[in-house]
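Undergrad: Below is the sequence, then the predicted model.
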Amino acid sequence: MPSVFTWNVRVYYEDTDAGGIVYYANYLKFFERARTEWLRAIDVGQQELLEQHDAMFVVKSVNADYHAPARLDDTVRLTLSIEKMGRASIVFLQQAWCGDRLLNTARVKIGCVDSALRPRAVPDAVAARMRAA
């Protein structure tokens, strides 16, 4: 699954800490937004997923490495690719870039659960879209 999705985000004042750089936890928000936009790009609506398939995605684990800071008004390019796809989980490789400077690398493991938060398989139609993306 070599395809890479890209989405840009602007750094606002609210994203920065007292030192004027992006607060470390905000990269998790940026990555969450990129995954949501990727789902939209492959025509998977999260509310529709819940209503039609009783399925939703939750973060199971995150391993993030911080390489360089982003600052106020920077445009951060977020990239996302599927590193591994299981029956009920997906591991994403996500990166944040400012120009050609790598800011952050994260591996995010997502689990598919039902509305009672029990593990369930990713619906076949959704898994097919993910694999084709």
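TA: The structure has been received and is ready for your questions.

Undergrad: those strands in this structure, which residues are they?
TA: 5-10, 56-66, 75-85, 89-98, 101-113 (DSSP state E).

Undergrad: Just the CA atoms of the longest one, as CSV, please.
TA: So that's strand 101-113. Taking Å, rounded to 0.1, in the frame of the first residue of the first chain, the C-alpha atoms of strand 101-113 are listed here in CSV:
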residue,chain,number,x,y,z
ARG,A,101,12.4,19.8,6.8
LEU,A,102,10.9,16.8,8.6
LEU,A,103,9.2,17.9,11.8
ASN,A,104,7.6,14.8,13.2
THR,A,105,7.2,11.1,12.4
ALA,A,106,4.5,9.1,14.1
ARG,A,107,3.2,5.5,13.9
VAL,A,108,-0.5,5.5,14.8
LYS,A,109,-2.3,2.3,15.4
ILE,A,110,-6.1,2.6,14.9
GLY,A,111,-8.6,-0.1,16.0
CYS,A,112,-12.0,-0.6,14.6
VAL,A,113,-14.7,-1.0,17.2
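
Undergrad: Quick one: residues in contact with it.
TA: Residues from elsewhere that reach strand 101-113 (CB atoms under 8 Å, 6 or more residues apart in numbering): 22, 27-28, 31, 35, 55-70, 76, 83, 88-97, 119-122. C-beta coordinates here come from the backbone N, C-alpha and C atoms, glycine included.

Undergrad: same thing with the shortest one?
TA: The set of residues that contact strand 5-10 without belonging to it, under CB under 8 Å, 6+ apart, is 30, 33-34, 37-38, 41, 73-81, 133.

Undergrad: Quick one: mean pLDDT over that strand.
TA: Average pLDDT, strand 5-10: 98.

Undergrad: One more: the fourth one?
TA: Strand 89-98 shows a mean pLDDT of 98.
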